[in-house]
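Asks: generate a structure from the sequence data that follows.
(chains A and B)
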Amino acid sequence: MTEVPEQNAAEDLGAEWDIVDLPVAEVHELFVILGKALRAHQLYDDNNPVRQRFTESLRQAFRKLWQELDHLTLHIEEDRILLETEVVYANDNRSESLAFLFFKDGVREITFLQGIETQELDKFLAVLQKARKLSPEGDDLLTVLWDEDLINFRYQYIDYLSEGVDLPEAGSGNSEMEMQQVLEGELSEEGEEDAQAQAAGAAEPAPASVRQEDFNPTLYSLDPREKEIIAGEMEKETNRDLRKDVLAALFDRLEEPHLPERQSEILGILHQLLPNFLSRGALVGAIMVLKELRVLEATQGILDAHGVKEAQEILDEASSAETIRELIQALYDGTVRATPQQLSAFLQFLRPGAIAPLLRASEMVDHRELQAVIRKSVQGIAGRYRSAVVKLLDEEDPVVAAGAARLAGQMGIVEAGPGLARLLSHDDPAVRLAAVESAAVLKASTAAGALRDTLDDPVRDIRVAAARALGTLRYQPAAATLADIVTGKEIRDADITEKVAFFEAYGLVGGEAAVSTLDRLLNGKGFLGRKEHSEVRAAAALALGKVHSNSSRAALEEAVADEDPVVRSSVSRALREEEGSDA
Amino acid sequence: MPEGPRPGTVTGESKLNLQEEGRKVLGAFYSALNALKLYPVENATVQQALDELHSLVTRVVKAEAGAELRVVGDFFFLNETRLRLDLSNFATFGSFARALQEHGIGAVEILPGIRRDEWAPFIAMLLRKPQTEDPFENFQIGFDQTPVEHMELRPEKDVQEPEHDEEALTAAKRTYAQSVKAAKDALGDVRLGKAVNVRKVKRAVQGIVDQVISNEPSIVTMTTLRDFDEYTFTHCVNVCIFSVIIGTRLGMTKQQLYELGLGALFHDIGKQRVGVEIINKTGGLTDEEWNAIKEHTTEGLLVLFKMHGFADVPYRQMLIAYEHHMKVDLTGYPPKKRDREPTLFTRIVAVADAFDAGTSVRSYQHKPWPPDSVLQEMRDNPRRGFDTLVVKALISATGVYPVGTLAILDSHELAVVSHVNPDPNLLHRPKVKVISDAMGVPLSQPITLDLSQNHPTTGQPIRSIIKTTDPQKYGIRVSDYLI
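Replies: Here you go, the predicted model:
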């Protein structure tokens, strides 16, 4: 692959061919198509039809060429490529030129063999694509070509790296006569050793050389069983988690307190490794780092103050909004793959700083499984850092504040009451709603006063939730307000759900004192002898069902046979509830 | 720009990849053998296998004006190219090799014009039970009676590995010198805290892998260049070479060999963070100095983290640097707290490292051990902590008397081992260059002897090795007779 061509190779070889017979036009055309295929490779991914079309064109171009040639050998110059002496490609723009791409890394001749179009075209294009993006300190085209090990593409190059290297030469050997004396001495030592052995009772002198009959080849070469063992070892090696072994080594050495400078170096490495792991979806490695650092942070006598601070910085950074955002985005768009178990295991090691970004993620991500994992993990972290959840109620980001409010309710964080009360007057309706729902769950009496003020929230869902919450809390100071609402005009324009929510709240909060009003609304006749609208009467019936007193039952029984079926149905339901509570 | 083009590694002028074609041909032979073993010749499976074999072989014959398949010991050669075995095909190849060797066949030459109908008779003959006496002669008699006209056979005893040629030796020298320079530059840069040119190192390792695959004996010869002043750098390169050789014996792929070689080249990079005065100290080390030296494995791990130019973090190479003194039972250093098992790559480098170190003159070891003694100690002393299978793989490559061993023959001539015998049953009978006569008088021109040859009259070996000895005693540099 690397026999360097003679200086005048092109001219010498040209002498063997008639230029007229060379398929110059076809090769030129091949390079035009190659340029397009390469560009398509650069712009589009594997499945893109444009890319596939250009690759197929290139394939066809090669097939056409193989009708005339067995192989295609080309000479590379700085800005052009030649078939014998004929230019088949030229481009003096170095950043685009294929010729320069090969030339700058020493390639001087390339050969395409038949078969490249069927087996290796994509690989070849990928090599060229990769070569264009190489960094100066990384690989070059030659190392990339070696890695790819293409069978149907050969190349010859000048090795710049072997410049200035002197080849070792043999010396003259030893012609000194001292060799004779040394040899004599050595042989007489052998003789003396044999004589001593015999005198000591050895039956005969030890054999002077390894005899064929004594030679046991099984001691020196692998038998089939041993080769099987090695094959098993190679399999194990291929599946091995190298990161884990390297991390184990780093942590073993990190636990040596007598070398603080090395500890600092290792912590610096871990600091770099963690984002590397996350970017590759290597959550197992990331988990190990966080787990070990948490233990070290908490263990006395291993890390000095500076080391502890460095460890904490790593843990905090892993829990930062930027890190979490990157990770969730990468998981969501598939750049990084991890199982739910791995993600869950990773997230559980995060600190309170991760709660906010995770809450945001749990609201914004619409992938159900991912969302479930995030929510579960957030609960896990919140369980360890309850006060952090309370603090997040005051977060500026409404998505986070709402999430924190819901979380407080789910986690039963009663200390969140005052914070929830504050949120009830938040600008964002989603926040207000979350706060109302959580206050109901928590039965947070500290929020009850603010809940009353939410009864006239412009958002219907919030009003309904507030009413229900007050009913659950049985907050008596809200009775008058609720009475006004149920007898007022606006409730008559509300939908049945809202009506029921307010009326039931009134029933729960007002108790016996509410019965007369509710009875009047259910059974009374208004102006011109008309009864109330059936939805109002039904809601009143349901409210009476919450009171559980003789008078409420009596009011309900009066309407048992009401001609309005909606009313009748609600009355029955309410009476059943009464009976149920009696039981 | 260089003064003029310099030769690089040569892979011949063939427009075929003989490595690839050769493996396919062997696979096709194996398939045809198996098919004929199971079915009659008219069977479709047999016919298909013969078609495939004929197609592949005629392709080679057409491109190369002939094809010779040669088996020498454990190796197959297609024309001059040694075919690389790996773990996916060693059983296949082994089976076909046995089929030839049982009939005493060392080489099969296929001539241009080979016909499709000539394959079945040849393969059918291979499947017959060989004669115990003169198997080749008997096979040839039967073979001559078949209609096969375009195949010629040679007996095992007449078949050898291709000779080193000057071109291969020059290529090996260039690869070796380039690698030593790359190692020197890289280690020097680490010591000075500068950025390492990783690309140079990668290319050097790739060159070594290519050289081991294409012409192992010539690159092995280079390892006899034991330069005391440049020990650190030649040692890295030698360990790389021996590691890659062991890797080929274990059937590693080219990419795996590269990963192994890279780790081997960098295995002692941590020593660049240990004081030079300690590394080069001639006397015994104090406890403190010894502890400082032992840190080189951890330092190597840390240094590799700082190197840029790798596509990904070089975890495997880090583990090699870190673990290579741990021993298989983990009683070495550094001490482990968390569970681990040294990787196979580490175990290979550990063996290569110990072999090269044991056979070299160093600041603290003025008298190196003879190579055969080093190998024996590594294999037989469990306290040394080496993987015995890996040691065996090394011995199968180096022979019982590795290249560069200075030996005294039973004729009292001094000889330098120049070639390993490829036959695993004859590892103890290498080729040597006799450098002095029975009286110890240096020969003006060394004579090459094959110790596996027997005297035609007595049937006894023409020469045998009675002991190995220290070249320093004789003021000899063994490489003077080999490169």
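Asks: please count neighbours and contacts with C-alpha atoms only from this point.
Replies: Noted.
Asks: CA atoms of stretch B:68-76 as PDB?
Replies: Written as PDB, here are the backbone C-alpha positions of stretch B:68-76 (Å, rounded to 0.1, in the frame of the first residue of the first chain):
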ATOM      1  CA  GLU B  68       1.000 -21.200  -4.500                       C
ATOM      2  CA  LEU B  69      -0.600 -22.100  -1.200                       C
ATOM      3  CA  ARG B  70       2.100 -23.100   1.300                       C
ATOM      4  CA  VAL B  71       1.700 -24.300   4.900                       C
ATOM      5  CA  VAL B  72       4.600 -23.900   7.200                       C
ATOM      6  CA  GLY B  73       3.900 -24.700  10.800                       C
ATOM      7  CA  ASP B  74       0.800 -22.800  11.900                       C
ATOM      8  CA  PHE B  75       1.000 -20.400   9.000                       C
ATOM      9  CA  PHE B  76      -0.400 -20.300   5.500                       C
END
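Asks: now do it: everything it contacts.
Replies: With contacts defined as C-alpha atoms under 8 Å, 6 or more residues apart in numbering or on different chains, stretch B:68-76 is touched by B:77-79, B:82-83, B:94, B:97, B:106-110, B:156, B:159-161, B:422-424.
Asks: which among those residues are in contact with chain A?
Replies: When contact is defined as C-alpha under 8 Å from any C-alpha of the partner chain, these meet chain A at residue B:424.
Asks: now, the contacts of stretch B:68-76 that are in strands?
Replies: Mapping the contacts of stretch B:68-76 onto strands (DSSP state E) picks out B:77-78, B:82-83, B:106-110.
Asks: which of the contacts of stretch B:68-76 count as buried?
Replies: B:77-79, B:82-83, B:94, B:97, B:106-110, B:156, B:161, B:422-424 (16 or more other C-alpha atoms under 10 Å in any protein chain shown).
Asks: what segments of the stretch 101-250 of chain B are helices?
Replies: In the stretch 101-250 of chain B, the helices defined using DSSP state H, counting those that start in this stretch lie at B:119-127, B:135-144, B:166-192, B:198-222, B:231-249.
Asks: brain fart, the stretch 51-200 of chain A
Replies: A:98-103, A:121-132, A:141-148, A:178-199.
Asks: now the strands for the chain?
Replies: Picking chain A for this. Going by DSSP E, chain A shows strands at A:71-76, A:80-83, A:86-90, A:107-113, A:153-157.
Asks: try chain B instead
Replies: Assigned strands in chain B, in chain order: B:67-72, B:75-78, B:81-83, B:105-110, B:151-155, B:406-409, B:414-419, B:431-436, B:442-450, B:465-469 (criterion: DSSP E).
Asks: most tightly surrounded among the ones you listed?
Replies: Between those, strand B:414-419 has the highest mean count of neighbours, a mean of 27, where neighbours are mean count of other C-alpha atoms under 10 Å in any protein chain shown.
Asks: starting at the chain centroid, how far to stretch A:343-356?
Replies: Mean-position distance between stretch A:343-356 and its chain equals 14 Å (C-alpha atoms, centre = their mean, to the nearest Å).
Asks: contacting residues around it?
Replies: A:283-284, A:286-287, A:290-291, A:315-316, A:318-321, A:324, A:373-374, A:376-378, A:380-382, A:385, A:388-389, A:392, A:400.
Asks: likewise stretch A:129-147?
Replies: Residues contacting stretch A:129-147 (C-alpha under 8 Å, 6+ apart): A:38, A:41-42, A:101-102, A:105, A:127, B:197-199, B:202-203, B:206, B:255, B:308-311.
Asks: give the ChimeraX command for selecting the buried subset of those.
Replies: Only the buried entries of the contacts of stretch A:129-147 go into this ChimeraX selection, using 16+ other C-alpha under 10 Å:
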select /A:38,41,42,101,102,105,127 /B:197,198,199,202,203,206,308,309
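Asks: find me the pLDDT at the residue lying closest to residue A:544 once chain neighbours are set aside, would you?
Replies: Sequence neighbours aside, residue A:552 is the residue nearest to residue A:544 in space, at 5.4 Å (criterion: C-alpha to C-alpha, 6 or more residues apart in numbering or on different chains). What the model reports for residue A:552 is a pLDDT of 93.
Asks: got a pLDDT number for residue 172?
Replies: No chain specified, so I'll use chain A. 65.
Asks: wrong chain, I was asking about chain B
Replies: On the pLDDT scale, residue B:172 is placed at 91.
Asks: now do the contacts for it.
Replies: Taking C-alpha under 8 Å, 6+ apart as the contact definition, residue B:172 lies against B:9, B:211, B:218-219, B:222.
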